[in-house]
Every structure is written in C-alpha cells, then in structure tokens.
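Novice: sequence unknown, structure follows:
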DNA sequence: ATATACAATAATGTCGGACATTATTACACC
DNA sequence: GGTGTAATAATGTCCGACATTATTGTATAT
C-alpha cells in the first residue's frame, strides 16, 4: 500500500482547517498548525486526528516531517498512535501554548527531596482550589472523594481513585501549572525509580482525612484545606522515612 | 551526499557504547539508549552527540527513527541541532535526570500563573534555608545581600546581584530541586516574555526588605523568612498587575 | 608568522517510495 | 442477530536521493 491518496477520498472533517505551511517550517511549526486545527475544529481528548499522509498533503510537506512532529507529541503524552485506528488526542492542547522544558537532576535523597518540593505545591494548589473552585468542580471533588473512600473500603486498589481525586483538586485551583508540575514531577520520578510511589499501601493511612479535605475545599476554607494537605504530606513523608529505614508498613 | 558510511571513517569516541536495539524498539527506546550513552561517556552540556547516521548504524536502525527520537528531544530543549556542526546537548541528561515538559498558554494570565507557582516554592525554600543553612552559607548570604543593597544604592543594574542573592538562599535550603525548579521556571519564562522581567525596575521596591530576609534566614527564623519572601512575592505580583493594566512603573 | 578568501566536506533537513505490521471495517454465511 | 474471514486503512520502518547550512581545510597574500 503506497501513500498515494485516492483522488476522491472523502476524509473526516478534521483537517479542513490545515493550510500549507511556508517553506522552511520546522516540526514545531507543524505542531503549531496542528494545535490551531484542534482549536478551530474543537477536537477533544479521544478524538481522532487526520491520518499522517493527509496532514502532510494539506500542510504541503513530506510525511517524514509530520511523523517527527507527531513523535514529539507522542513522547510528551499528548497523543496516542495506533495502526489503522490512527492518532488520537490524549491531552489538552492549546494553540497559543509555549513549551517550558525543565530538567531536574535528582541526586542523593531524591525521594524525600522530591516530596519536599511537592509539598508546598500541593498545599498551595489546595488553598487555591478552596478559593477558586466552581460549583461543578465542587460536585466533582465530592464525588471523587466518595469514590476514593468506597474503593478503599471495598479493599480494592485505591490508587487510581486517589489520583483522580487529587487531579480534580489541581484542576479546581484555576492554575494549570500546578497540576502539570505536580503530575510531571511524580511521573518523571516514577520513570527513574520504580518504588515507592508504586507501593500499594503508601499513604493508605491518609485516606480517611481526604473527606475533611474535600469538605474544606468545597466550603471555601483555604486555611483548613492547606492544613490538611500538609498533614497528608507529612504522614506520607513519615511513611517514606519508615520505608527507607527498612521497616515496611 | 548519501547516507553511505565511508567504510573506514574514524568517528569520535562518542557513540562507542551504543549497541544494537532489539527489533520493535520505539523512539523512546532510542532516547533511552542515547541517555545511557551520554551517561557512560560522561557527555556534558555543550558536548556533541554522534551524527544521526552513526547513531542509526550503531543501533541497527534506520535514520528516520533516529530523527524522530532526536526531534522529540529537540522540541523539549534537551538538544540543539545545526547543520554540519551536528547535535549538541543543551540540558542535563543522566540516569538521574527527569525532564518536565511544561506547557504554558500564551495569554494574559500566564505571567501571574507562573508567579503563583513560584511563590510557594520560594517561600518554602527560604523557610528551609533558615532551618538548614550552614555558617559558611550564612556568611555568603550576608555578603550577597550587602552586594545587592550597595549595587542598588550606586544606581547600577541590580538584577544580577538579586539573582545571586536568591541563588544563595536556594543553595542554603539543602534541597537542590528547589533551586533547579525556580531558576528554570524563571529563566524559561524570561526567554518568552522579554518584558516585563526585562524591566530594570520590576521588584525594585522590594530591595530594602531583603536585608531583613537575610537576617531572618541567618538567624534561623523560618517563619519570618517565609513571611518576608511572601511579602516580596506579593509586592512583585502587585507590580505585575500594574504593568498588565498598562501602567508602567 | 598571521589573516583572508574560497572550496570541500560533514551533518542536518526534507522528500518520495516501498513495504511491513497492526487493527479496524466490511462482507459473507449461518 | 452472531461469527469468521478477507480487505483495507493507518501507523511503523527503512532506504535512497538531494538540498541546505555551517564548519574545516587549503591556498594565497602580507
């Protein structure tokens, strides 16, 4: 099967807004054009992007450059790509976005140091969530904490529910940088070191006070939200120290 | 010029540690192999990576996949690529380094959002500096604040002195991740927004209270250090808001 | 010796073509 | 309706050719 387009192929609507790029355009420009397309056509997470060969045709460039651009996005988690199924959006994309690439060099005591950096970010995000969250976000937070408590009570793995609850807090704070930083720090750490965030019991003792945290956020009590998050982080830190001393929970 | 390798081409040492990848390897695996090579051969920022065609040869893959992988790194600011000169390392890559691809929307709020993320980090770093700084670090902090005050009093550009003072605080906090995060967030942001951080007067009104901040840190008063940093950040924020409303200082 | 100019060359940038692999879709049959 | 199979769409991979850019090497002049 060659890349020759069937002359009368009716494609999806996606891609209609793509226009030829000027010569000399970089893979970054390709990503910019794709971002604008996603904006213009209102694509959402899960939606399919046009096939590579069509993107290439519409932008007036070779497929190789399209692939380089898309691989960049893929490695950043922004898209997922499957044969035949095509390329789907996996994260929010904005047309007017810049990329701020940060590099953290982890050295000794990286686990505790990473935790120490996350602590003020998590506290501030919770405080801001208490101040800024909308009624809809409050409902979501309430639902998410109920899910977390129920999952834990059922004896199932509650980590995904925990992640979802905290993500809803980050979203509610109104500043996407907090969520991005916290998530990426944790994810980057997990890629370098397998444990202990993967441990099924880490932080389990904090679950009951998540309800009070959700209540504080939803009722707009920033001081209380920040205090409880600090308490949660301190409990997790104590547990980390125990693990590091070779005493498993 | 084709991609055919001259049979007896003597290349640089870099690349000797690259071994053939198993079939089915992804561009992520390529980046992992390159990371291991950088580690093994002690490459530093500014050092040159092997040419694409050599990476491809040694890994036993096509050049296209190498290019896709390298483009991913390029778009994350980890490498820079120039014709003939080749590909150079632009950020730390090591077994212990994690890369956080932050995305920032280019809109009016971004200034304030970045500032909001820096605030808790700066406050926590100052608190930790108060708790952890050594006698030598305390002397350095004292000297740096004196330099800042003197530079400002002499009517000169005090921004470098300001940077050095705050760096000494970050260093004294005992957790290098704070300094790394804060510096890179500010630096990356400055590159995109030349103003207002390029303005020589932004934050000028905060300079006098830097002396009290240094004293609080050196004397070990974490609460006071955190309070003053918070005050500094709030004053800068107010100034940013003024600039955003079109009123230049 | 140093400086300048120019050609050669190395390395990235780009494209088209061919084919492999995978997963989805269409169609036939029960 | 459900099941099985073939066709097909889309990504994944590699190769070859050539363009572009910047560095390096060499010749010449002072």
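Specialist: It's in. No experiment lies behind these values; they were computed from the predicted model shown. Numbers count the residues shown, from 1 in each chain, chains lettered A, B, ... in the order given.
Novice: Within range of DNA strand D, give me the residues from chain A.
Specialist: With the criterion set to Cβ under 7 Å from any atom of the strand, chain A comes near DNA strand D through A:1, A:3, A:6, A:24, A:49, A:51-53, A:63-64, A:67, A:70-71, A:81-87. C-beta coordinates here come from the backbone N, C-alpha and C atoms, glycine included.
Novice: By mean pLDDT, which helix or strand of chain A comes out lowest?
Specialist: The weakest-scoring helix or strand in chain A, judged by mean pLDDT, DSSP states H and E, is strand A:97-105 (a mean of 82).
Novice: And chain B, is whichever helix or strand comes after that strand touching that?
Specialist: Downstream of strand A:97-105, the first helix or strand assigned by DSSP states H and E is helix A:110-132. Yes - using Cβ under 8 Å from any Cβ of the partner chain, helix A:110-132 reaches chain B at A:110, A:113, A:114, A:116, A:117, A:119, A:120, A:121, A:123, A:124, A:128.
Novice: And chain A, what are its domain boundaries?
Specialist: Listed by automatic domain parsing, the domain ranges of chain A are A:1-99, A:110-244.
Novice: Quick check: the gap between residue A:129 and chain B.
Specialist: As judged by Cβ to the nearest Cβ, to the nearest Å, residue A:129 and chain B stand 13 Å apart.
Novice: With residue A:174 instead?
Specialist: Residue A:174 sits 9 Å away from chain B, going by Cβ to the nearest Cβ.
Novice: Same question for residue A:33.
Specialist: For residue A:33, the distance to chain B equals 14 Å [Cβ to the nearest Cβ].
Novice: so that residue touches residue A:21, yeah?
Specialist: Yes - between residue A:33 and residue A:21 a contact is recorded at 6.2 Å, counting by Cβ atoms under 8 Å.
Novice: The two: who's more crowded?
Specialist: Remark: of residue A:33 and residue A:21, residue A:33 carries more neighbours, 22 against 17, as counted by other Cβ atoms under 10 Å in any protein chain shown.
Novice: just to confirm, which helix or strand has that one in it?
Specialist: Using DSSP H and E, residue A:33 falls within helix A:27-40.
Novice: list the helices and strands that helix packs on?
Specialist: helix A:52-59, helix A:63-75, helix B:63-75 (3 or more Cβ pairs under 8 Å, 6 or more residues apart in numbering or on different chains; DSSP states H and E).
Novice: Let's have those in JSON lines, adding distance to residue A:45.
Specialist: As requested, the helices and strands packed on helix A:27-40 are exported to JSON lines (distance: least, Cβ to Cβ, whole Å):
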{"stretch": "helix A:52-59", "distance to residue A:45": "19"}
{"stretch": "helix A:63-75", "distance to residue A:45": "13"}
{"stretch": "helix B:63-75", "distance to residue A:45": "21"}
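Novice: Quick check: neighbours shared by residue A:33 and residue A:21?
Specialist: By the contact definition Cβ atoms under 8 Å, 6 or more residues apart in numbering or on different chains, residue A:33 and residue A:21 are jointly contacted by residue A:59.
Novice: For the residue nearest to residue A:170 when sequence neighbours are not counted, grab phi and psi.
Specialist: Excluding the flanking residues, the one nearest residue A:170 by Cβ to Cβ, 6 or more residues apart in numbering or on different chains is residue A:179, at 3.3 Å. Backbone torsions for residue A:179, taken as degrees, to the nearest 10, come to phi -60, psi -40.
Novice: looking at it, residue A:179 is touching residue A:125, isn't it?
Specialist: Yes - using Cβ under 8 Å, residue A:179 is in contact with residue A:125, at 7.3 Å.
Novice: neighbour count winner among these two?
Specialist: The residue with more neighbours, out of residue A:179 and residue A:125, is residue A:125; 30 against 19, by other Cβ under 10 Å.
Novice: got any residues that touch both of residue A:179 and residue A:125?
Specialist: Common contacts of residue A:179 and residue A:125 (Cβ under 8 Å, 6+ apart): A:170, A:173.
Novice: before we move on, the earlier item: in terms of mean pLDDT, which of the domains of chain A ranks lowest?
Specialist: Here those differ in mean pLDDT, and the lowest is domain A:1-99 at a mean of 83.
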